[in-house]
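Chemist: Give me a model of this one.
(one chain, ligands or ions: 1)
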Amino acid sequence: MQFTKGHGTGNDFVILPDPDNQLDLTPGQVAALCDRRRGLGGDGVLRVVRAAKHPEGEAMAGEAEWFMDYWNADGSFAEMCGNGARVFVRYLVEGGLAIPAGQAPLPVATRAGVVRAVVDGDTVAVEMRRPRVYDASVATLGGLTLTGAAVDVGNPHLVCALPAGLDLGSLDLTRAPEFDPAVFPAGVNVEFTATGDPVDDVDGHVLMRVYERGSAETLSCGTGACAVAAVALRDAGRDTGVVAVDVPGGRLTVTLTDDSCWLAGPAVLVATGDTLPPTP
Ligand SMILES: N[C@@H](CCC[C@H](N)C(=O)O)C(=O)O
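Modeler: Have a look, this model is predicted:
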C-alpha cells in the first residue's frame, strides 16, 4: 500500500492515494496505521479519492475533483480537518494531481463541503467555513473546571481561556477533558488558550493547546485555530481581523472577514513509501 507522510505545524497525517475508491479501509486499519510504535504514526489519515468515486463526495464532483476522506487516529471520521486540508492540497500539487492556475483557489471536497486553497511557497492557505460561536459550555480537566465557548467550524470545538496565572504548559493533556454530552453529543475538540504578547501586523495573538476528539493531544489543529481566532475577535468586540495562533507545532494565521475564514501556515510532505496492509 503506497503512502505519503506529511504535516501542518506538527499535525501529522498518513496520506493514502486511492483515486478510484478501491481501498476497503476499516477503523482498525486506520488506528493501526496511526499507531506511533507499531505503525507509521499520525494524528489521522487522509485518503485521496476522486470526488465522483466517493458516495460522500459525488455531489461535489462538479466543483471539486478530489475528496478528502479524513479519519482521526482512533479510526473515527470527522467532518473537517483544517491542517489536513492544507496538507492534502500540498500532496495534490506536488503529486501533479492538481495544477494551480495562478492564484485561483483550488477546490477540495470534504464532509463539511467544498473548501478552497491557495499555495504560496511554503504556505498553504485554505478558505474554511466561517466559525460560528453559538453557546457556552464547560470543560473539566483534573480539578480544573473552565467555562468556554462552543464553536462550529464544520466540526465541534470548545474554546476555554485559562485564568490569569495558570500556564498552558502546566496542563496535563495525557487524559481527555470532560465535557457536556448534551451540548456535544458527537464529542468535541477542546482548545485551551492564553493571550500572547503583541505581534506586528495582526489584531490578536493567542497561544493554544488542544485535545482533539479521536486523536488526543496534537501539536496543532487548524479548525481549532479558526475557532480560537473567532472567540478572540469576539472578546475584543470585533467580527473580523487577523489573529496569530501559536500552537506547540508552530504558528497558524487566521483571517476572518465578513463572509470568509482563511487558515494559513506551513504544510510539508516528509516521506513517501510502501507499507504492508495494516493489521489491527
Ligand atoms: N486536526 C484537525 C481536526 C481533525 C478532526 C478533529 N479531531 C475532529 O474529530 O473533529 C484540524 O487541523 O482541523
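
Chemist: Show me the helices in the stretch 51-200 of the chain, by range?
Modeler: 82-94 (DSSP state H, counting those that start in this stretch).

Chemist: List the buried residues in stretch 155-168.
Modeler: Residues of stretch 155-168 classed as buried under the neighbour-count rule (16 or more other CB atoms under 10 Å) are 155-162. C-beta here means a position set from N, CA and C on the backbone, and glycine is covered the same way.

Chemist: my bad, stretch 60-78
Modeler: 60-61, 64-73, 75-76, 78.

Chemist: try stretch 249-263
Modeler: Within stretch 249-263, the residues scored as buried using 16+ other CB under 10 Å are 249-256, 261-263.

Chemist: Any chance you could list what contacts it?
Modeler: The contact list for stretch 249-263, computed with CB atoms under 8 Å, 6 or more residues apart in numbering, reads 7, 9-11, 82, 86, 125-131, 153, 202, 218-220, 222-223, 225-226, 228-230, 233, 239-245, 264-266.

Chemist: same thing but 7 Å
Modeler: Applying CB atoms under 7 Å, 6 or more residues apart in numbering, the contact partners of stretch 249-263 are 9-11, 82, 125-131, 219-220, 222, 225-226, 229-230, 233, 240-245, 264-266.

Chemist: tell me, which of the residues you listed make contact with the ligand?
Modeler: By CB under 6 Å from any ligand atom, the members of those lying near the ligand are 11, 82, 222.

Chemist: Compare the residues you listed and tell me which is most surrounded.
Modeler: residue 11 (32 neighbours; other CB atoms under 10 Å).

Chemist: Tell me what it is bridged to.
Modeler: In this entry, residue 11 is beta-bridged to residue 8, by DSSP bridges.

Chemist: so who does it touch?
Modeler: Contacts for residue 11 (CB under 7 Å, 6+ apart) come out as 43, 83, 218-221, 249.

Chemist: From residue 60, how far out is it?
Modeler: Residue 11 sits 24 Å away from residue 60, going by CB to CB, to the nearest Å.

Chemist: Which other helices and strands does the strand or helix carrying residue 269 contact?
Modeler: Using DSSP states H and E, residue 269 sits in strand 268-274. For strand 268-274, the packing partners by 3 or more CB pairs under 7 Å, 6 or more residues apart in numbering; DSSP states H and E come out as strand 2-8, helix 82-94.

Chemist: so which of these is the most packed in?
Modeler: Using mean count of other CB atoms under 10 Å, the stretch among those with the largest mean neighbour count is helix 82-94, at a mean of 26.

Chemist: Other residues contacting that one?
Modeler: Contacts of helix 82-94 (CB under 7 Å, 6+ apart): 4, 6-9, 11, 13, 15, 44, 46, 48, 66, 68, 70, 98, 100, 106, 108, 110, 115, 117, 119, 124, 126, 128, 220-223, 225-226, 263, 265, 267, 269.

Chemist: Lovely, talk soon.
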